[in-house]
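> no sequence on this one, just coordinates:
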């Protein structure tokens, strides 16, 4: 039996690089954000709230990363499209999950076909949050879709 294994390690150095890239991206866009990284089981592995970011950005960044890792590695924007394809009772049940969100800014971290984790960015406009989450991936050499 073959099991998928990832060679991508979310080391302390990699996490620091991701956080720095996301916050540099936000600063360049004139935003202050929170950045949250989770592993493949949606457990928190790194978090930073920029000075001046609103208090609610921290929990929202966590929600974005948690949602992405917990729902098959679909980015939060993609999940909105996916929800439109499921039956009403399933959609209602998912939308009642406490951490679930379709706000833009949750992006999966893939190593080939293996979901390694997710990054969530919150505090800027949606397009800035997404761009900064993607900047975090590029900083550690991960393609946007990874697969």
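Structure received. A quick note: this is a predicted structure, and the numbers were derived from the prediction, not measured. Numbers count the residues shown, from 1 in each chain.
> Give me the helices and strands touching the top strand by length along the chain, please.
The longest strand of the chain (DSSP state E) is strand 114-122. The helices and strands touching strand 114-122, judged by 3 or more CB pairs under 8 Å, 6 or more residues apart in numbering; DSSP states H and E, are helix 12-28, strand 34-39, helix 57-70, strand 106-111, helix 126-139. Bear in mind the C-beta positions are built from the backbone N, C-alpha and C, glycine included.
> for the second one, what is the average pLDDT?
What strand 34-39 shows for mean pLDDT is 97.
> In its sheet, which strands sit next to it, and in what direction?
strand 44-49 (antiparallel), strand 114-122 (antiparallel) (DSSP bridges).
> need the contact list for residue 136.
Going by CB atoms under 8 Å, 6 or more residues apart in numbering, residue 136 touches 18, 19, 21, 22, 25, 35, 37, 107, 119, 121.
> and what of residue 54?
Going by CB under 8 Å, 6+ apart, residue 54 touches 32, 123.
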